[in-house]
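In: Mind folding the following:
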Amino acid sequence: SSGINAEEAVVSTQSTGNVVEIVEYNKIPSMISYDRWWLFTWFVMVPVTIASGVNAWIVENEHLSHGPPPYIPYDHLTQRAKPYPWKDGKRSLFHHEKYNPIPGEGYAWQTNEEEEE
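Out: From the prediction side, this is the model:
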């Protein structure tokens, strides 16, 4: 078996000081675990995190390359018990003019284009 069992680790204190010595591997078992986690972190998790970030960036750029879907005024999606306490009461707090339609009106950029025509 790999690693050190508690029975195999012989610990002795030298008479000159408090130097602890492990006969087999010359390492404390917790230090072996520390080394493995350090290697796992830098050689597995860091590359996986970078690859996940690159993948998310590519997928999001592909998603943003086309416009939002056409606005269909579904009644069940636009029900409000009372208007929001900011702006005109129709836009949510995190409203984005390009991606979020205004309930009952559609996208703001579509209504602006229709008014200009």
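
In: Which SSE is immediately downstream of the helix or strand where Tyr34 lies?
Out: In this assignment (DSSP states H and E), Tyr34 forms part of helix 29-40. Next helix or strand after helix 29-40 toward the C-terminus (DSSP H and E): helix 46-64.

In: thinking again about what came up before, quick check: mean pLDDT across the helix holding Tyr34?
Out: Averaged over helix 29-40, pLDDT sits at 80.

In: Where does the prediction get shaky in this protein?
Out: 1-32, 111-117 (pLDDT under 70).

In: change it to 90
Out: For the chain, the stretches with pLDDT under 90 are 1-37, 63-84, 86-93, 95-117.

In: Pull the number of nearby residues for the residue nearest to Pro68 when sequence neighbours are not counted.
Out: Counting by Cβ to Cβ, 6 or more residues apart in numbering, Pro68 lies nearest to Tyr99, which is 5.5 Å off, once chain neighbours are set aside. In this view, the C-beta of every residue, glycine as well, is placed from N, C-alpha and C. Neighbour count for Tyr99, taken as other Cβ atoms under 10 Å: 10.

In: mind checking how far Tyr99 is from Leu39?
Out: 43 Å (Cβ to Cβ, to the nearest Å).

In: The residue nearest to Pro68: what secondary structure?
Out: For Tyr99, the assignment made with DSSP: H, G, I helix; E, B strand; the rest coil gives coil.

In: Quick check: it touching Pro69?
Out: No - Tyr99 is beyond contact range of Pro69, at 10.2 Å (criterion: Cβ atoms under 8 Å).
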